[in-house]
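Asker: sequence and predicted structure are below.
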Amino acid sequence: LSDEEAVSMNIASCVMPSVEDGVAVSDVPAGLVTLFEVLPENKGKTPVQQAVFALDPEYHAERQAIFNHYPQAIADFFAKATQKRIKTYGSKAAHEWLLETHARKIHRVKMVMQQYADIFALFRAPTSELRQLEEEEEKALRALKNLVERLEHGQAIFDKHQLTPLCYLEQDQLRDYAEKLSTMFFKYFEERIEKKWAEMKQACEDLTEEDGFMLMKSAYLQAVKMCELMHIPAPHAKKARKGKLSIAELSNGALQLIADNWWLRKLRTAAKRMREHLAIAMGLVSSFHGGYVSNERLNYFLQQRQKMYDFLRSRIIINVANEEEQKSLFDIWLKTQANPSIKRLELMNRMRGFENMAKEDGDEGVFVTLTAPSKYHAMLKSGGQNPKWNGCAPYHTQQYLVGVWAKIRAELKRREIKPYGFRIAEPHAD
């Protein structure tokens, strides 16, 4: 250590609160937080979990093992609740509460995990194996087949190895996986299309453009199936399964599958959905905790919106014909339909237009609310866990309601009734 570092550490050792003092991490001076975090007993713990450890180191091992079952936001929620109970009821009562709560919640976590297990299996592949994708084509294809097999048996592999879920990964890890996936699909298309086409030309010289198109469609359909195993929807997947892809759509879809940015967006979306799904399973999305969305997701949304506002305010639009004429991009945005206030007014205006049309034609307006059965709700109205919950995410509930509305439309069509108007998806408190 340099003299300056040694002096800094000596000063820190003089003022660092001891565990016996029961001082929370939030009470540690800002300049000492970094040193506090590198202490061995605080390794792997968030500041909130460190505060619980400072209050009660006795049950640390069991408590930390429970925290490690959950993403950071959920673990910190448990840590804050435990901290309050330690101060109110004592160490032993707080620990018993944590064990009991974990026992009630863990089966819900497993219900959610099972729906995402297939995607974890891909990421269990050793880094050395995935690096071969960039170096040797033959080994790359062999590694790809191995990964497909892992995807097909994702649940068994997840149970055996306790894989790392997407919701636990940092942004740089997601970016790394996106690069590996794009490289993997690039090698796949190269093997299935370019090399196969060269082999076909050697065997038969009278090949047509239609033969090449059919080869591309076959390779793309297999790529769509691989994406389905990872629970990532491929571009134009529905048309590909029906065999109705055009050349432009086929090219566009293949280019997206070999693009890093496309995979990064998909992985980020999957990670966000999983984090929110786990929050729903834990009861963190209910009328007792604000409703509709978890606090973590709400904070993320507000941060992203603020970043967008900052970006818009930092840009100006210049008239190239008259450079003195300049407008703030934010002011322009406020006057467009991208502004939520204007978008709402536009919607209300359209509704008024439909109402006027209905009056002129003598039609009757009907307001219909479709709700999902109890098994789609994670929480009871009283605030407790719903024992009938089937582990579904909001996306699955939306699919169910879309199916119900499709049956209603089919029956109306049989009766020669043509409805018109607006269909809106309204979130529920849980």
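Answerer: Received, thanks.

Asker: show residues contacting stretch 398-412.
Answerer: Residues outside stretch 398-412 that contact it (Cβ atoms under 8 Å, 6 or more residues apart in numbering): L370, A372, Y376, C392, K418, P419, R423, A425. Any C-beta I mention is one placed from the backbone N, CA and C, and that applies to glycine too.

Asker: the third one against N390, yeah?
Answerer: Looking back up the chat, that one is Y376. Yes: look at Y376 against N390 with Cβ atoms under 8 Å: they come within range, at 7.1 Å.

Asker: more neighbours, these two?
Answerer: Neighbour count, other Cβ atoms under 10 Å: between Y376 and N390, Y376 has more, with 22 against 13.

Asker: count of residues packed around A94?
Answerer: Neighbours around A94, by other Cβ under 10 Å: 23.

Asker: so which helix or strand takes in it?
Answerer: In the assignment (DSSP states H and E), A94 maps to helix 91-123.

Asker: which other helices and strands does that helix contact?
Answerer: Packing partners of helix 91-123 (3 or more Cβ pairs under 8 Å, 6 or more residues apart in numbering; DSSP states H and E): helix 60-67, helix 72-89, helix 137-152, helix 154-161, helix 260-281.

Asker: between those helices, which gets the lowest average pLDDT?
Answerer: Across these, helix 154-161 has the smallest mean pLDDT, namely a mean of 44.

Asker: where in this structure is pLDDT low?
Answerer: Along the chain, segments meeting pLDDT under 70 span 1-45, 116-165, 168.

Asker: need the longest strand for it.
Answerer: strand 322-328 (DSSP state E).

Asker: helix or strand right after that strand?
Answerer: Counting by DSSP H and E, what follows strand 322-328 is helix 329-334.

Asker: just give me the neighbour total for A406.
Answerer: That count, for A406 with other Cβ under 10 Å as the rule, works out to 10.

Asker: likewise A372?
Answerer: Using other Cβ under 10 Å, A372 has 16 other residues around it.

Asker: mind telling me what element it is part of?
Answerer: Assigning secondary structure by DSSP H and E places A372 outside every helix and strand.

Asker: now L166: how far from M113?
Answerer: Note on L166: its distance to M113, by Cβ to Cβ, to the nearest Å, is 11 Å.

Asker: what's the nearest residue to A94 once chain neighbours are set aside in contact with, if anything?
Answerer: Nearest non-adjacent residue to A94, counting by Cβ to Cβ, 6 or more residues apart in numbering: R85, 3.7 Å away. Residues in contact with R85 (Cβ under 8 Å, 6+ apart) are A93, A94, W97.

Asker: any chance of those residues in TSV, plus distance to L298?
Answerer: Below are these laid out as TSV (distance: Cβ to Cβ, whole Å):
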residue	distance to L298
A93	31
A94	27
W97	26
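
Asker: now, among these, which is nearest to V366?
Answerer: W97 (49.2 Å; Cβ to Cβ).

Asker: quickly list what the closest residue in space to D430 that isn't next to it in sequence is bridged to.
Answerer: Sequence neighbours aside, M379 is the residue nearest to D430 in space, at 4.2 Å (criterion: Cβ to Cβ, 6+ apart). Beta bridges link M379 to Q385, judged by DSSP bridges.

Asker: which ones are touching M379?
Answerer: G283, V285, S286, Q385, N386, A429, D430.

Asker: right, I'll call it a day here.
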